[in-house]
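>>> what's the 3D shape of this:
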Amino acid sequence: MRSISRGTTAVLLGLVLLTGCSGTPSEDWRLPTAVPTQWRGELAQRWQELKTWRDEDWDRWARQHLFENPVVRDLWGPERMVDAPPQQPVAPTASPTPATPAEAEPAPVQAVPVPRPYTRYPASGKVFSTAPGGGTGQCSATVVADPARPGKSNLVWTAGHCVHEGSGGGWFKNLIFVPAYNSSGTAAGTKKATLAEVAPLGQWWADTVISSPQWIAEGGHGGNAANQYDFAVLKVHNPDGDGRSLEETVGTAVPVWFDAPREQLTVSVWGYPSVKPFDGRELYRCDSGRPARLSFDPARPPMLSAGCTMTAGSSGGGWFAPLPDGRQALVSNTSLGNLTHTALDGPYLDDVARQALAYVSRKQ
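Numbers count the residues shown, from 1 in each chain. Now for the predicted structure:
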């Protein structure tokens, strides 16, 4: 397993906001009473306990981290979405101590554009939001299957840092998901794009959001052990829709493969990279093959690491691998990358991720 020896160059690759990045928390960070308060800062050693949480524990945690996202009509026009590029990434301030023999960093894999129209691949899209302190930002995301509502999912998977600032911060605001963003490519030209062209399948506002307790407690801008649980699940609705679910509208939803056997994985990484040479208006993919391992904390599941040249803006984008029956499943999401833009890293989805998805599914 590769240690985070490249920690001095590991960066978040997603929702880096234009202004007001720091923000201020709306309330103190608190864990559920089912988890002792002294666990603050010790989740790296005791992440296994989260696997035993029951619905009431998640309920208590969600109440302590209240998410409110009222619909604001006409907030996200086509130009505001197009003009929301991330800032340059921020390098971490410290490098974790290697705990295991180093594993070679994966070889670079060139990102290639996905052919248009993107409505042929409508599970992929973009998340847009504003920060508590102001500013706009963007990430990539994926429509995922709802185990409780086959064929009628309203669930979206992305990175935790795409929805919450992490330690000491709060939830981002005005969160929307745009499936098949800029499907026709109109936003790449000189002509002003219409909302229908940029968001051909609508704008879906988040009603409920869950990220991991590890990310909320420990997450930061430069990468640390919290990134080993850097994921989030959104429940969304379209206030201007026809009553159909997200899955019924886009025509697909990707199953999530928890505890996927690492040695059998061959991953393809998708996203909307925004930093040069990319502009955030095109969907790209890296067929990266078998991922390596990357770990900040050996007590937590090692991250998946894949060769890929995508840049900031790709965070939250889906990592896909074929199930034994041949269907494509989501096995991770982009969380980190290096400053040379040759490799991306994503969390390994274990029981904590499984419980988060199940909790949001049951709350609909």
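>>> Over to Lys126. Which of the three states is it?
At Lys126, secondary structure determined by DSSP: H, G, I helix; E, B strand; the rest coil is strand.
>>> Just list the residues touching it, thanks.
81, 138-141, 177-178, 181, 272 (Cβ atoms under 8 Å, 6 or more residues apart in numbering). Just so you know, the C-beta spots here come from the backbone N, C-alpha and C atoms, and that holds for glycine as well.
>>> please redo it, this time with the cut-off set to 6 Å
Residues near Lys126 by Cβ atoms under 6 Å, 6 or more residues apart in numbering: 138, 178, 181, 272.
>>> Kindly report the same for Ser184.
117, 197.
>>> host element of it?
Here Ser184 is covered by no helix or strand, with elements defined by DSSP states H and E.
>>> Could you report the distance from it to Asp350?
Going from Ser184 to Asp350 by Cβ to Cβ, to the nearest Å gives 38 Å.
>>> How about Gly220?
In this structure, Gly220 and Asp350 are 22 Å apart, going by Cβ to Cβ.
>>> in the sheet, who's paired with Thr130?
Counting by DSSP bridges, Thr130 is bridged to Thr136, Lys173.
>>> Now do it, the pLDDT please.
Looking at Thr130, its pLDDT reads 91.
>>> Neighbours of it, how many?
Neighbour count of Thr130, defined by other Cβ atoms under 10 Å: 21.
>>> Likewise for the one 4 residues further on?
Here the count is done by other Cβ under 10 Å, and Gly134 has 13 residues near it.
>>> helix/strand/coil for it?
Following three-state DSSP, the label given to Gly134 is coil.
>>> Could you do the one 5 residues further on as well?
In terms of secondary structure, Cys139 is strand; the call rests on three-state DSSP.
>>> Around it, count how many other residues there are.
Counted with other Cβ under 10 Å, Cys139 comes out at 34.
>>> what do you get for the one 5 residues further on?
As a burial measure, the neighbour count of Val144 was computed by other Cβ under 10 Å and equals 25.
>>> roughly how far apart are it and Pro108?
Taken as Cβ to Cβ, the span from Val144 to Pro108 is 28 Å.
>>> Check which helix or strand the residue lying closest to Ser245 once chain neighbours are set aside maps to.
In this structure, Ser245 finds its nearest non-sequential neighbour in Lys152, 4.1 Å apart by Cβ to Cβ, 6 or more residues apart in numbering. Following DSSP H and E, one finds Lys152 outside all helices and strands.
>>> and Lys152, how far is that from Arg244?
Lys152 is 8 Å from Arg244, by Cβ to Cβ.
>>> looking at it, the residue nearest to Ser245 is touching Leu246, isn't it?
No: with contacts counted by Cβ atoms under 6 Å, Lys152 stays clear of Leu246, the gap being 8.6 Å.
>>> These two: who's more crowded?
Taking other Cβ under 10 Å, Lys152 and Leu246 do not tie; Leu246 has more neighbours (30 against 15).
>>> Now Pro291. Its backbone dihedrals?
The phi/psi pair for Pro291 (degrees, to the nearest 10) reads phi -80, psi 150.
>>> From Ser140, how far out is the residue nearest to Ser245?
For Lys152 relative to Ser140 (Cβ to Cβ), the value is 23 Å.
>>> One more: Leu66?
As judged by Cβ to Cβ, Leu66 and Ser140 stand 26 Å apart.
>>> The two: which is more packed in?
Ser140 (33 against 10).
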